[in-house]
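Asker: sequence plus predicted model, see below.
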Amino acid sequence: MSLAAPPSRDLVLGLEDRPGAVVAMLAALQHLLAIIVPIVTPGLLICQALGVPARDTNLIVSMSLVISGVATFVQCRRFGPFGAGLLIVQGTSFNFVGPLIAGGTLMLKQGVPVHDVMAAIFGVVVAGAFVEMALSRILPFVRRLITPLVTGIVVLMIGLTLIKVGLVSMGGGYPAMANGSFANGQNLLLSVVVLGLIVVINRMPFAWLRSSAIVIALAAGYALAAYLGRLDFSGMHAAPWVQAPVPLRFGLGFSWPLFIPLIVIYLVTSLEAIGDVTATSKVSREPVDGPVWMARIKGGVLVNGANSLLAGLFNTFPSSIFAQNNGVIQLTGIASRRVGMWIALFLVLLGLFPSVAGVIQAVPDPVLGGAAMVMFGAVAAAGINILAGVTLDRRAMLIIAVSLGLGLGVAQVPEFLAHLPAGLRTVFESGVATGGISALALNWFLPAARHTQAD
């Protein structure tokens, strides 16, 4: 069976259809090409920024693949209240990258050893997961509290604050800043080649090629880095041939300044999951309202949280439902959730062999940064897209202006908070936390404007 886009709006294979093994594997590989880079990139960026040793980074990246596979299987297979029962892919979320890097870096500056920093991060990930699981049971109330206006502001803030992370990677990362090679000619060449290829491939007329743009561009950057002698396989050499999941490799710690910003992000991630499950239901020709739809979104958000709990216990970062697979469903015309089980199998197998993570880990910062800049920009664009669906009256514009102003302001000038108590200062130094809390508070306390002719 061809995997070309179907000639009509009808699906080739519906949700409960059972494709043959070959068709299912080929469709799963299409999804894998669209998701593997976004799954491993957050872990790599956080570990590089915090100076995590190569062997530990390899473990974290490997576990991100395994845990993503487990979550994808549960989302597709559905067990009682757990899972949406759709062809859904779940992977490591970009939403948490900025706050975790900012909070972890601050702890390092305070003299906390990197091992203890990672323990605190994973402890906070576990604690926050319970928040999201609880939210899945009260989604109607949460949707009234956190409106699309608040969600759009927070997602936009996440993207904007991540731009710095992407730009640092494009220039060669923090090690390059230390040794004086930051943004030199070679680093800029690698990052610009990757960035340029992503742009060019996304303008191609072939949908299957566009869906693989990031993987193709990274492969080209990888080859160029190999030619320049820039690949570092130390992480692969230090890793065993097979890596069984090891719970609590770093132990579990806790940090309130890390936890508070993550609560806001867990809230927003829950609402994003509602949109993603709804979109998958729509392209799968399933209900997008009513009790079946509500059960799907509750199950999807519940697994979002439960899998983040599993991620923290097994030494990796929170995960969320990916939107990329909706484009692949439209491309292939295959919405069968059995395909998701093949995707899950591939992810788990890739994660159990650390050499796979080692090959990915060898990617130089500038190569990864070229792709990350596009992905982070896409997060900001998603926030703008959410806000585009909001009625931007005077109240909404005021909330956007104040939230973005405060959030971006403290991110750029953290000295503004110098005289606050230490606990509050470390919370509000996160631009996402400041902007998100401002948006939540203003949206709650400012009454909705009554439109008049003068408005």
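Answerer: Sure, I can see it.

Asker: what comes up buried for the helix or strand where S270 lies?
Answerer: Assigned by DSSP states H and E, S270 falls within helix 256-283. Neighbour counts using 16 or more other CB atoms under 10 Å place 257-281, 283 of helix 256-283 among the buried residues. (Glycine included, C-beta is placed from N, CA and C.)

Asker: same deal with stretch 345-362?
Answerer: Neighbour counts over stretch 345-362 (16+ other CB under 10 Å) mark 346-348, 350-358, 360-362 as buried.

Asker: please export the C-alpha coordinates of it as CSV.
Answerer: Extracted in CSV, the C-alpha atoms of stretch 345-362 (Å, rounded to 0.1, in the frame of the first residue of the first chain):
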residue,chain,number,x,y,z
LEU,A,345,8.3,-0.2,20.0
PHE,A,346,10.9,1.7,17.8
LEU,A,347,11.3,4.4,20.5
VAL,A,348,11.9,1.9,23.3
LEU,A,349,14.4,-0.2,21.2
LEU,A,350,16.3,2.9,20.3
GLY,A,351,16.5,4.0,23.9
LEU,A,352,17.7,0.7,25.2
PHE,A,353,20.9,0.9,23.0
PRO,A,354,23.0,3.8,24.3
SER,A,355,25.1,3.8,21.1
VAL,A,356,22.0,5.4,19.4
ALA,A,357,22.0,8.2,22.0
GLY,A,358,25.8,8.4,21.7
VAL,A,359,25.5,9.1,18.0
ILE,A,360,23.0,11.8,18.6
GLN,A,361,25.0,13.2,21.5
ALA,A,362,28.0,13.6,19.2
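
Asker: need the residues that contact it.
Answerer: Applying CB atoms under 8 Å, 6 or more residues apart in numbering, the external contacts of stretch 345-362 come out as 28-29, 32, 36, 39-40, 44, 54, 57-59, 61-70, 72-73, 222, 231-233, 235-237, 239-244.

Asker: next structured bit after the lengthiest helix in the chain?
Answerer: Looking across the chain with DSSP state H, the single longest helix is helix 21-50. Following helix 21-50 in sequence order, the next helix or strand is helix 54-77 (DSSP H and E).

Asker: re earlier: what pLDDT, on average, does the longest helix of the chain get?
Answerer: Helix 21-50 carries an average pLDDT of 87.

Asker: what does stretch 119-134 give?
Answerer: Stretch 119-134 comes out at a mean pLDDT of 94.

Asker: repeat for stretch 74-93
Answerer: 91.

Asker: mind listing what's buried in it?
Answerer: Here stretch 74-93 shows 74-76, 78, 82-93 as buried, counting by 16+ other CB under 10 Å.

Asker: coming back round to it: continuing past the helix holding S270, what's the next helix or strand?
Answerer: Immediately after helix 256-283, counting by DSSP H and E, sits helix 290-313.

Asker: next, the angle from that following helix to helix 256-283.
Answerer: 140 degrees (axes from the mean of the first three to the mean of the last three CA atoms, to 10 degrees).

Asker: how far out from the middle of the chain is helix 290-313?
Answerer: How far helix 290-313 lies from its chain's middle: 16 Å, per CA atoms, centre = their mean, to the nearest Å.

Asker: stretch 65-76 too?
Answerer: Using CA atoms, centre = their mean, the offset of stretch 65-76 from its chain centre is 15 Å.

Asker: what separates T57 from V192, distance-wise?
Answerer: 25 Å (CB to CB, to the nearest Å).

Asker: what about the two, which has more around it?
Answerer: T57 (24 against 14; other CB atoms under 10 Å).

Asker: do you know how far the residue lying closest to the more buried one once chain neighbours are set aside is from A422?
Answerer: Leaving aside its sequence neighbours, T57 sits nearest to C47 (CB to CB, 6 or more residues apart in numbering; 4.1 Å). In this view, C47 and A422 are 26 Å apart by CB to CB.

Asker: quick one: which of those two has more around it?
Answerer: Higher neighbour count among C47 and A422: C47, with 25 against 9, using other CB under 10 Å.

Asker: list the contacts of the more buried one.
Answerer: So C47 contacts 56-57, 60-61 (CB under 8 Å, 6+ apart).

Asker: which single one of those is nearest to L167?
Answerer: T57 (21.2 Å; CB to CB).

Asker: what distance do you get for that closest one to N307?
Answerer: 21 Å.

Asker: cool, and G436?
Answerer: 22 Å.

Asker: and what of T426?
Answerer: 27 Å.

Asker: what secondary structure does G91 sit in?
Answerer: The local conformation at G91, judged by DSSP: H, G, I helix; E, B strand; the rest coil, is strand.

Asker: residues contacting Q243?
Answerer: Going by CB under 8 Å, 6+ apart, the list of residues near Q243 reads 58-59, 62, 351-354.

Asker: ok so V246 is a strand residue?
Answerer: No: applying three-state DSSP, one finds V246 to be coil, outside a strand.

Asker: got the contact list for it?
Answerer: With CB under 8 Å, 6+ apart, V246 has these contacts: 59, 314-315.

Asker: of those - the most surrounded one?
Answerer: Ranking the contacts of V246 using other CB under 10 Å puts L59 first, with 28 neighbours.

Asker: surely it is in contact with P247?
Answerer: No: shown here, L59 and P247 do not form a contact pair, counting by CB atoms under 8 Å, at 11.6 Å.
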